[in-house]
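Novice: only geometry, no sequence info:
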């Protein structure tokens with residue numbers, strides 16, 4: 001897992017459930033771009049500031065308090081985004097077990113910490129990409145864990161242990 005991952009730029013463009021164009025047909029010249037529920041400017045701002053938005057959501061700021069935060073929360077809660085987070089956690093656990101090293105430039109995970117908490121990492125992956133509703137704060141916190149090359153997942157000298165962060169993520173996933 002690199003310090004910046006492919007899920008960092010994930011956006012959703014699906015029309016909200018129940019929304020349709022006039023009489024179920026497209027207007028002449030209509031494209032997917034013009035039918036998207038969010039404007040280009042909002043999507044660009046959200047993409048450019050995803051790390052800040054992750055921090056805000058992880059720290060409990062309400063998604064509805066800004067259009068960017070609301071869009072980012074919807075992107076995090078999207079089943080495809082949740083599946084990517086789950087796969088990323090599973091891949092880290094599998095790679096740690098197999099002692100895989102790659103030639104790609106990336107920050108190597110703290111293998112000993114991953115092995116010590118493998119069951120918790122896999123349970124978290126199952127919870128994140130499962131069908132149950134989870135709080136977006138936990139999803140944002142998971143993205144931050146995966147992307148922070150100096151955090152407890154990658155650094156043996158991180159301030160917080162991986163076990164403590166995994167427990168905090170599990171708690172943050174609880175909907176209240």
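Specialist: Yep, that arrived. Just so you know, these numbers come straight off a predicted model, no measurement behind them.
Novice: what number of residues lie near residue 156?
Specialist: 11 (other CB atoms under 10 Å). No exception for glycine: its C-beta is placed from N, CA and C like everyone else's.
Novice: likewise for residue 169?
Specialist: 24.
Novice: so it, which of the three states?
Specialist: helix (DSSP: H, G, I helix; E, B strand; the rest coil).
Novice: secondary structure element for the closest residue to residue 111 other than its chain neighbours?
Specialist: With CB to CB, 6 or more residues apart in numbering as the criterion, residue 111 has its nearest non-adjacent residue at 4.8 Å, and that residue is residue 96. Following DSSP states H and E, one finds residue 96 within helix 79-98.
Novice: now swap in residue 114 and tell me
Specialist: Short version, using DSSP H and E: residue 114 is in helix 111-116.
Novice: against which helices or strands is the helix holding residue 96 packed?
Specialist: Secondary-structure packing of helix 79-98 (3 or more CB pairs under 8 Å, 6 or more residues apart in numbering; DSSP states H and E): helix 111-116, helix 118-128, helix 136-147.
Novice: most tightly surrounded among the ones you listed?
Specialist: The highest mean neighbour count among those, using mean count of other CB atoms under 10 Å, belongs to helix 136-147: a mean of 24.
Novice: let me see the mean pLDDT of it.
Specialist: Across helix 136-147, the average pLDDT comes to 96.
Novice: out of the helices and strands packed on helix 79-98, the one nearest residue 76 is which?
Specialist: Closest approach to residue 76 among the helices and strands packed on helix 79-98 is made by helix 136-147 (4.3 Å; CB to CB).
Novice: who's in contact with that closest one?
Specialist: 1, 3-5, 7-8, 51, 53-60, 63, 73, 76-77, 81-82, 85, 88-89, 92, 124, 128, 151-153, 165, 168-174 (CB atoms under 8 Å, 6 or more residues apart in numbering).
Novice: in this structure, what helix or strand scores lowest on average pLDDT?
Specialist: Within the chain, no helix or strand scores below helix 32-35, which has a mean of 42 by mean pLDDT, DSSP states H and E.
Novice: need the next SSE after that helix, C-terminal direction.
Specialist: helix 40-48.
Novice: state the mean pLDDT of that next one.
Specialist: In this model, helix 40-48 has a mean pLDDT of 78.
Novice: residue nearest the centroid of the chain?
Specialist: By CA atoms, centre = their mean, the mean C-alpha position of the chain lies nearest to residue 143, the distance being 4.2 Å.
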